[in-house]
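got a sequence here, can you model it:
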Amino acid sequence: MFKRTHNCGEIRFADLNDIVILNGWVNKVRLHGQVVFVDIRDRYGKTQIVFDADEYQGDLEKVKKISMEDVLSIKGMVRARVPSAINPNLETGEIEVLVSEFIMLNEAAPLPFMLNDRENAEEDLRLKYRYLELRMEELQKNLLTRHSTYQATRSYLSENNFVEVETPVLMKSTPEGARDYLVPSRIHEGKFYALPQSPQIYKQILMISGYDRYFQIVKCFRDEDLRADRQPEFTQIDIEMSFVDEEDIFGYMEGLTRHVFQVVAQADLPGPFPRMTYKDAMTTYGSDKPDLRYDLKLIDVKKFTDASDFNAFSSVEIVKGIVVQGGAKYSRKIIDELTEFVKKYKAKGLAWMKSQDTGFEGGISKFFSTDLQKMIKKELKMVDGDILFMIGDESKLVLNALGHLRKKIAHKEDLINKTEFSPVWITEFPMFEFDDEQNRFIAMHHPFTAPRTDDISLLDTDPSNALSRGYDLTINGYEIAGGSIRIHSPKVQEKIFSLLGLSQEEAIEKFGFLVEALTYGAPPHGGIAFGFDRLVMLLAGTDNIRDVIAFPKTTSAASLMDESPSSVSESQLSELGININKPKDP
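Next up is the predicted model:
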């Protein structure tokens, strides 16, 4: 191998007549009789190299056997391209390298798919050969974006006196929320570590220990059902601060977010970020992570349906609607497709009316009097060519179904500016959700989230209406970060545990070291965790979280490249004192 003098993306017109050495992969080969053009590539870029029979002293027939993804080491002289061959889309497009010597470092086997377009192969095949897919320009840009996000995060937090502290990866199982991944102990037979779902307890311990500004870019693990934007192992920017309230958290985290978007994506975010209560977000957008890049607000139309002869909505809890400008163009086939779509979210159907002339037509319009139709058009500011979609049922179902319909229509109508970033804080989450199956309260965020000061008394009288000091930062319909002011009072923490169905003994068994630590002078503290993978996904301009992780799992939590999870030997299981219960033959 020749020792390279330049990478494949840095040679310019100023380097004319210099002797250079390049190492890289063959991106393209073009045979022109006694001249062979090869594009050689590394992660920095591409350079065109030329084997010319009149200049090249080696075996040109050997050169003609060069193929895609072979690894080459070449030496040659930089020369200008002829004007007609200049490539303005390539940073090295004004020059080429006339090769005098080359070494074949490694010949590539026939490729399972072409690397010039990711759409050439199904995702499962690309994940099996992830090391090939990672050579593609798109993924290399994504991983460089990820690298820049790491550096921008660390620089901002370090400059603001946050201390980076690593917390344990092997910890005690604290089953609250998603299922833990368990790790059997060989030394302590029959006992298990858990992989952390988050460093929540440890970062609170650090606050009690006096480290008033902590951060960590950390791996977390959750054994849960997966979606396109989730992974069984994921990365968080974990942050905690002492002697703060919500305003302090918002100020520093908005600063961090603006800094990252400016450095990584050259995007200027607004400041301060808008805020919206959980209740307003749900009732207005049908989501606690609303995408504010488009309007399409949910409208309360129950007073209109109650005044109509449409009896199907007369006894329901709420009726909400969405006005789609120009939606009267929708055919019955499209409306039926949208109806089936909302049924996936348990809606019984989708009522509709098209605005035409002075009133409405189609759908359920016949149940509305002429005067009522005029009133609806006036109050909803509808014009000819609009359509009104409506769902009536219990509140949670209606908001969820219309929230998803809102997003569906925004994509269908191309209402989303994909170059825009629209952050918003969501605040005042409920403290609890009631789980009908378990017949108990569960924490909306986690059991260490503090209630609003004004709502502490509700913990004794009406806990279902108590609001928390939790907050989420959402951007473009994604939850980017979530956190809260924590409980620092042992008595309040004991009360929350009891409402979650944990006795003092059970709380000590599961969270003992934190419960005890709170009694030794815990400062008021709060924090947040950014979903790092989702953040990079936004910055990279993709909607698939696997595109920004070097070696991701599939939605079934499998790694197709290394074939994990896999079986292990009987001897390994025996060392750990584990027996596998194999299914019996039928």
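
quick one: low-confidence parts of this structure?
Applying pLDDT under 70 to the chain flags residues 175-177, 226-229, 583-586.

contacts for stretch 87-99?
Identification of contacts with stretch 87-99 by Cβ atoms under 8 Å, 6 or more residues apart in numbering yields 8-13, 15-16, 20, 22, 37, 45-52, 55-56, 74-81, 85-86. Glycine gets a C-beta too; all of them are placed from N, C-alpha and C.

dump it to PDB, restricted to CA.
The C-alpha coordinates for stretch 87-99 follow below in PDB (Å, rounded to 0.1, in the frame of the first residue of the first chain):
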ATOM      1  CA  ASN A  87     -18.300  18.200 -13.100                       C
ATOM      2  CA  PRO A  88     -19.700  21.200 -11.200                       C
ATOM      3  CA  ASN A  89     -21.600  18.900  -8.800                       C
ATOM      4  CA  LEU A  90     -18.300  17.400  -7.500                       C
ATOM      5  CA  GLU A  91     -15.900  19.300  -5.300                       C
ATOM      6  CA  THR A  92     -13.000  17.600  -7.100                       C
ATOM      7  CA  GLY A  93     -14.800  18.000 -10.400                       C
ATOM      8  CA  GLU A  94     -12.200  20.300 -12.000                       C
ATOM      9  CA  ILE A  95      -9.300  17.800 -11.800                       C
ATOM     10  CA  GLU A  96      -8.400  14.200 -12.300                       C
ATOM     11  CA  VAL A  97      -5.400  12.100 -11.400                       C
ATOM     12  CA  LEU A  98      -3.400  10.500 -14.200                       C
ATOM     13  CA  VAL A  99      -2.300   7.200 -12.600                       C
END
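
how about the strands in the stretch 301-450 of the chain?
318-324, 351-356, 359-361, 387-393, 423-427, 432-435, 440-443 (DSSP state E, counting those that start in this stretch).

same question for the stretch 451-586 of the chain.
Assigned by DSSP E, counting those that start in this stretch, the stretch 451-586 of the chain shows strands spanning 470-475, 478-485, 525-531.

each with direction, which strands does the second one pair with?
According to DSSP bridges, strand 478-485 forms sheet pairs with strand 470-475 (antiparallel), strand 525-531 (antiparallel).

which among those is found nearest to Leu514?
With Cβ to Cβ as the criterion, Leu514 lies closest to strand 525-531 of the strands paired with strand 478-485, at 12.2 Å.

biggest strand in this protein by residues?
The strand that spans the most residues within the chain, counting by DSSP state E, is strand 19-32.

could the strands of the stretch 301-450 of the chain be laid out in a markdown table, adding mean neighbour count?
As requested, these are exported to a markdown table (neighbours: other Cβ atoms under 10 Å):
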| stretch | mean neighbour count |
| --- | --- |
| strand 318-324 | 23 |
| strand 351-356 | 22 |
| strand 359-361 | 19 |
| strand 387-393 | 24 |
| strand 423-427 | 21 |
| strand 432-435 | 15 |
| strand 440-443 | 17 |
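
of all these, which lies closest to Leu538?
Nearest to Leu538, of these and by Cβ to Cβ, is strand 423-427 at 10.2 Å.

partner strands of the closest one, parallel or antiparallel?
Neighbouring strands of strand 423-427 in its sheet, by DSSP bridges, are strand 275-277 (parallel), strand 470-475 (antiparallel).

quick revisit: so which elements touch the longest strand of the chain?
Under the contact criterion of 3 or more Cβ pairs under 8 Å, 6 or more residues apart in numbering; DSSP states H and E, strand 19-32 touches strand 35-42, strand 45-52, strand 71-80, strand 95-106.

and the angle from that strand to strand 35-42?
Inter-element angle recorded for strand 19-32 and strand 35-42: 120 degrees (by axes from the mean of the first three to the mean of the last three Cα atoms, to 10 degrees).

who does strand 19-32 pair up with?
For strand 19-32, using DSSP bridges, the partner strands are strand 35-42 (antiparallel), strand 71-80 (antiparallel).
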